[in-house]
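In: Coordinates for the following, if possible.
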Amino acid sequence: MRQEAFTLAEDVAKDMSGKRHKCAFTLAEVLITLGIIGVVAAITLSTVINDIKGKKLKAQLEKSYSILGQALSSAQNEFGDIINYNNHHHDFRDTFIKQFANAYNCWDNDTHTCLTSNTRPNEYKTYNGSELYTLRFDDGNFILQDGTFVIIENGDGRLELTVDVNGKNNKPNRWGHDLFTFQIMDDGKLVPMGADGTRTDLCDSKGLGSENGVGCTYRALTDKNYWKQLPR
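Out: I've put the predicted structure just below:
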């Protein structure tokens, strides 16, 4: 004898006359269904929001890379020579800033920096959210018209540019999330940190070093899954 299928939408019962009676959802069934829908919606919405944020930050990073590269080429034309750590780096800051229209030069104010401290920029964190304690932010910084924050470093044998692509007043303010570093190589080219010839060991979701994240820029530009795997 074939059994009739029952659904959550209707409870089928037969009386002695053979008639079927349909019953509505119970309150418990409604609440359970709504709860499941809510959980699925929350997960989906969170994924969509993070995906949108990642795409926006990547677009801002690509824009910053292009702008910094063009400004570096312009500065080298002004110098009439290649700019690298061993050549003109002491004069680099002032010449580089001049390549940007109406940039706010933080080095001209009384504190000599847009950061809270030259040696302990507590607005920023490492790639995985640890405390950032570094001297990479003490050789000049300025703000572009669109709010992009640019930091110059010319120590430890490297000439570097670090950029906060959405501005220092906007979170997350973490290396490898919205803060990215580039290195000016010996041939004068601007290269994303983490590429061959640069520091490739400083982009670890479990790393505890105070510079962890400085080497994430190349991956952020080239790895299609990078923005989906950022540490919380």
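In: contacts, neighbours, all on C-alpha from now
Out: OK.
In: so what secondary structure elements neighbour the one helix or strand E78 maps to?
Out: E78 is part of helix 27-79 when elements are defined by DSSP states H and E. Applying 3 or more Cα pairs under 8 Å, 6 or more residues apart in numbering; DSSP states H and E, one finds that helix 27-79 makes contact with helix 92-97, helix 217-222.
In: Could I get the average pLDDT for the last one?
Out: Confidence over helix 217-222, taken as the mean pLDDT, stands at 97.
In: if we can go back for a sec, turn the helices and strands packed on helix 27-79 into TSV, including mean neighbour count.
Out: Putting these into TSV (neighbours: other Cα atoms under 10 Å) gives the following:
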stretch	mean neighbour count
helix 92-97	19
helix 217-222	19
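In: need these in CSV with distance to G209, can you?
Out: Listed next are the helices and strands packed on helix 27-79 as CSV, based on distance: least, Cα to Cα, whole Å:
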stretch, distance to G209
helix 92-97, 28
helix 217-222, 17
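In: now for the ones you listed, which one comes closest to D51?
Out: helix 217-222 (13.7 Å; Cα to Cα).
In: list the helices and strands that closest one packs on?
Out: On a contact count with 3+ Cα pairs under 8 Å, 6+ apart, helix 217-222 meets helix 27-79, strand 179-184.
In: Lowest average confidence across these, which one?
Out: Looking at the helices and strands packed on helix 217-222, the bottom one is helix 27-79 with a mean of 83.
In: gap between it and the chain center?
Out: 9 Å (Cα atoms, centre = their mean, to the nearest Å).
In: what do you get for stretch 124-137?
Out: Centre-to-centre, stretch 124-137 and its host chain are 14 Å apart (Cα atoms, centre = their mean).
In: list the contacts for the residue nearest to Q145 when sequence neighbours are not counted?
Out: Setting aside the residues directly before and after it, Q145 is nearest to A103 in space (Cα to Cα, 6 or more residues apart in numbering), at 6.1 Å. If a contact means Cα atoms under 8 Å, 6 or more residues apart in numbering, then A103 has 97, 142-145 as its contacts.
In: Now that we have those, which of them are buried?
Out: Buried subset of those (neighbour count, 16 or more other Cα atoms under 10 Å): 97, 142-144.
In: Contacts only, for the residue nearest in space to the middle of the chain.
Out: In the chain, the centroid-proximal residue (Cα atoms, centre = their mean) is H177; its distance is 2.2 Å. By Cα under 8 Å, 6+ apart, the residues touching H177 are 57, 127, 230.
In: next one: K168
Out: 123, 147-149.
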